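Trainee: coordinates for the following, if possible.
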Amino acid sequence: MKNPVMNAMKNRKHLLRAATATAVVLGVTGLSACGAAKTDSSSSSSGGGSETVNIAVPSWVGAEANAAVAKYLLENELDTKVELTQLDESVAFDALNSGKSDAILEDWGGAPKKVKLYVDSKKSVVEGGDLGVVGHIGWFVPKYLVDEHPELKTWEGLNKNKNLFKTAESGDKGQLLEGSPSYTTNDDALIKNLDLDFKTVYAGSEAAQITQIKEDYKAKKPFISYWWTPQWLNAQVDLVEVKLPEYKEGCDSDPAKIACGYAKTPLKKYFSADFVENNEKAAQFLKNFNWSADQQNEVAAMIADKKMSSDKAAAAWVKANPDVWKAWLPK
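Mentor: Numbers count the residues shown, from 1 in each chain. Below you'll find the model as predicted:
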């Protein structure tokens, strides 16, 4: 969990952000490998709702927070059953197209070809508006390291300090810590095209990456990591973004030649066109769902840091913020 949406290598957007953590961590129902899942999704009631609204949930905790709050309110305020299905961004668009999922609430622009096919051409998927959160991916190092080595504020200072970042996994190169292998990143191309003597090493998931960052930070070890905002952990660790070459529109159009940093991405929602047509109230609620990065981080931290279930975290947030969510309810 940049401005968004440009090409398949573009942002976590790129990620963004699309990973596949375990369903146990997310508390969502898994799909089969081909993206087919159960759902009684869109049915025929334009006023009230289908038996089940299926929300696709990418595998990072910010996306889980969105879905948890949406689910709680749909079920408790609109009397609409919700099923959460873990899917990465690209597969989620296939599920929206087929009607197996009804909505994805946080897209980082990691599947532009699918957007072009399903939204622009087939019109089987429709935009649901902005989530209200702006995402950004970059390379980050701890502030205590920058204090000792201020040249690490920019990518140009990395090679001369590569020995600080060597690990058993990276060999004689510096290690750039990554999250899930399923996230879309430009980092291998950046390393090559900027002539950096570094190697990407994958933690395996967002949770594993967070564990590694927290351990290294507590021990005040040097590390550099692919990282993003918003992220709840940023309130607990003081990280500094390494300045990469400035992002300019189109600089990432050729994945093999990317030599610029990541854009900033207004995160978007997408819905199945059938869902919008056949479940007016639920669709309108999800269109209205719009919150800040701080609000998302609050729920995400309850889930990932305080180890609350997503349902309990959502209930706690909803109880404390009626002035926010009541504006989302359809009139």
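
Trainee: would you agree Glu106 falls within a strand?
Mentor: Yes: going by DSSP: H, G, I helix; E, B strand; the rest coil, the assignment for Glu106 places it inside a strand.

Trainee: you'd agree it is up against Leu267?
Mentor: Yes: contact criterion Cβ atoms under 8 Å: Glu106 and Leu267 qualify, at 5.0 Å. C-beta coordinates here come from the backbone N, C-alpha and C atoms, glycine included.

Trainee: any idea how far Cys260 lies from Ala111?
Mentor: Going from Cys260 to Ala111 by Cβ to Cβ, to the nearest Å gives 20 Å.

Trainee: out of these two, which sits in the busier spot?
Mentor: Ala111 (27 against 18; other Cβ atoms under 10 Å).

Trainee: so which helix or strand takes in the residue lying closest to that one once chain neighbours are set aside?
Mentor: Residue nearest to Ala111 in three dimensions, not counting chain neighbours: Ser90, with 4.2 Å by Cβ to Cβ, 6 or more residues apart in numbering. Using DSSP states H and E, Ser90 sits within helix 89-98.

Trainee: for the record, mean pLDDT for that helix?
Mentor: The pLDDT scores in helix 89-98 average 95.

Trainee: which parts of the chain are strands?
Mentor: 29-30, 52-57, 81-86, 103-107, 125-142, 174-178, 198-202, 225-229, 239-242, 264-272 (DSSP state E).

Trainee: need those strands in CSV with distance to Lys214 and mean neighbour count, can you?
Mentor: Output for the strands of the chain, formatted as CSV (distance: least, Cβ to Cβ, whole Å; neighbours: other Cβ atoms under 10 Å):
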stretch, distance to Lys214, mean neighbour count
strand 29-30, 27, 14
strand 52-57, 24, 28
strand 81-86, 24, 21
strand 103-107, 23, 29
strand 125-142, 11, 21
strand 174-178, 12, 23
strand 198-202, 17, 20
strand 225-229, 11, 24
strand 239-242, 12, 20
strand 264-272, 25, 24
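
Trainee: taking strand 103-107 as reference, get the angle to the helix holding Ser90.
Mentor: Interaxial angle, helix 89-98 versus strand 103-107 (axes from the mean of the first three to the mean of the last three Cα atoms, to 10 degrees): 150 degrees.

Trainee: roughly how far out does helix 89-98 sit from the chain middle?
Mentor: Centre-to-centre, helix 89-98 and its host chain are 15 Å apart (Cα atoms, centre = their mean, to the nearest Å).

Trainee: same question for stretch 64-82.
Mentor: So, by Cα atoms, centre = their mean, the centroid of stretch 64-82 is 19 Å from its chain's centroid.

Trainee: cool, and stretch 117-137?
Mentor: 14 Å.

Trainee: same deal with stretch 166-179?
Mentor: With Cα atoms, centre = their mean, you get 24 Å for stretch 166-179.

Trainee: quick check: mean pLDDT of it?
Mentor: 97.

Trainee: going forward, count from 44.
Mentor: With 44 as the first residue, the last one maps to stretch 209-222.

Trainee: who touches that stretch?
Mentor: Identification of contacts with stretch 209-222 by Cβ atoms under 8 Å, 6 or more residues apart in numbering yields 62, 182, 201, 204-208, 228, 230, 234, 239-249, 251-252, 255-256, 266-269.
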